[in-house]
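Novice: can't give you the sequence, but here's the structure:
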DNA sequence: CCTCCTATATATAAGAA
DNA sequence: TTTCTTATATATAGGAG
């Protein structure tokens, strides 16, 4: 933004980089501040300047309180992919190369440990993948992999229950649509969780993927908070 | 910024606050991303949505690594932290990636390609995970998470296809059971025409068409806010 | 490193879908 | 909630002090 459209890649000129950092850091903090006040939410921002000095901002409560809140989150809430991966997609593919560019600048002495770390990461991902695949097979698994009547009936039942729920929900939505003013009805349901059969292949797979193609990855908020009184506080500016 | 100059004070209208949060969060992440790339610095951003869900961004390295780097700074460089020890401990537990200390760059060399390869592998895994999560939500997601008629119909279609397949398979197995030796055990080619039970009719074409129009992204994670001071109660949809 | 200035690039509030 | 549009408000690159 400014006189010239700037490429999002490392600014090579040291002085320029410093200046830009300074300006943008302020901009970022301002934005963070505004967000925390406007939406009354916790925001924590930590930035290390090119020279190694740290700058922080935190809205609504202290930085360590927010960090504590963060580290106390259950893993699935914390370890998701709301960060870079998300951004890569949200902002577009252009990032990938700029992102990789940094990699070479990694240390040499720790390469071993880094590699090791990455391998662990990969392993972890693969475990998760396996787990999910297992669960997914219950639903998407090719029916030809069902070898016993019992299995077939079991799966049929699961699907029936699920279908029924969805239809009920659909009905509610239709009613709502037909008669605006009606209240949102959210019925509690139990969802099948830990079933394990052994099946492969996916038939509806392509259909599903199709719809996922143009989707974005982002968490969606579905509820809001109603607080009486508002108090925007910030420390760390 | 926008049609109207906005006062920096809590937005009282819940819906508006949500929307603004969503938009500004993205904007903030983008800015943070740009800063991290342009200036080649570590940036960590943690935001809790009005509903208590967390959104994070981290540039150059993982959020845990950056937090660790921050927490381990000498006190005079960042101010006193109330929970320093606790945080250090907690962060240390994120063994997967949090124990990498900051290290200056030297000369990488041949290991680069290997590292990059692994990086891509990780990214790929994460994408797969994400993809599967979405598919899984179709089945395991609570039906109350469905908010549009479109979504409901979409899920219904998929479940119908699946149910039908299972029933076909079940039929095959039953026949086999009734007349042993008459058919191959592992036979899987069931023909819809032969096994039409007359219910849950599905036209795959419709499903595909549907999915093209559809959009659906919802986080079905349970949320937990322990040390926070807001009480979320409101209807988001 | 910060401030001011100016021309542009971006972000985003509203409103509709 | 997300997406798209449009009108405006802001952020910020370059340059000077």
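Specialist: Alright, I've got the coordinates. Bear in mind the structure is a predicted one, so any value in this text is a computation, not a measurement. Numbers count the residues shown, from 1 in each chain, chains lettered A, B, ... in the order given.
Novice: where does pLDDT dip in chain A?
Specialist: Residue ranges of chain A with pLDDT under 70: A:75-76, A:79-118, A:127, A:131-132, A:134-135, A:137-145, A:177, A:179-237.
Novice: what ranges do the strands span in it?
Specialist: Using DSSP state E, the strands of chain A run over A:43-48, A:54-59, A:234-235.
Novice: out of those strands, flag the one nearest DNA strand D.
Specialist: Among those, strand A:43-48 comes nearest to DNA strand D, with 12.3 Å by CB to the nearest atom of the strand. (C-beta placed from N, C-alpha, C; glycine too.)
Novice: re earlier: format the strands of chain A as CSV; extra columns: distance to residue A:73 and mean neighbour count.
Specialist: Below are these laid out as CSV (distance: least, CB to CB, whole Å; neighbours: other CB atoms under 10 Å in any protein chain shown):
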stretch, distance to residue A:73, mean neighbour count
strand A:43-48, 13, 27
strand A:54-59, 17, 22
strand A:234-235, 22, 15
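Novice: I'd like to know which of those strands is closest to residue A:70.
Specialist: Among those, strand A:43-48 comes nearest to residue A:70, with 7.5 Å by CB to CB.
Novice: is stretch A:166-178 in proximity to DNA strand C?
Specialist: No - using CB under 7 Å from any atom of the strand, stretch A:166-178 stays clear of DNA strand C, with a minimum separation of 14.6 Å.
Novice: and that stretch, what's buried?
Specialist: A:166, A:167, A:168, A:169, A:170, A:172, A:173, A:176 (16 or more other CB atoms under 10 Å in any protein chain shown).
Novice: residue contacts, the fifth one?
Specialist: With contact taken as CB atoms under 8 Å, 6 or more residues apart in numbering or on different chains, residue A:170 is in contact with B:146, B:149, B:152, B:153, B:156.
Novice: which of those are buried, as a PyMOL select command?
Specialist: Typed into PyMOL, the next command selects the buried ones out of the contacts of residue A:170 (criterion: 16+ other CB under 10 Å):
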select buried, chain B and resi 146+152+153+156
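Novice: export the contacts of residue A:170 to JSON lines and append columns for distance to residue A:25.
Specialist: Listed next are the contacts of residue A:170 as JSON lines, based on distance: CB to CB, whole Å:
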{"residue": "B:146", "distance to residue A:25": "42"}
{"residue": "B:149", "distance to residue A:25": "46"}
{"residue": "B:152", "distance to residue A:25": "46"}
{"residue": "B:153", "distance to residue A:25": "48"}
{"residue": "B:156", "distance to residue A:25": "50"}
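Novice: please tell me how far residue A:70 sits from residue A:42.
Specialist: Noted for residue A:70: a distance of 9 Å to residue A:42, by CB to CB, to the nearest Å.
Novice: likewise for residue A:77?
Specialist: Computed as CB to CB, the residue A:77 to residue A:42 distance reads 14 Å.
Novice: ok, those two, which is more surrounded?
Specialist: residue A:42 (27 against 19; other CB atoms under 10 Å in any protein chain shown).
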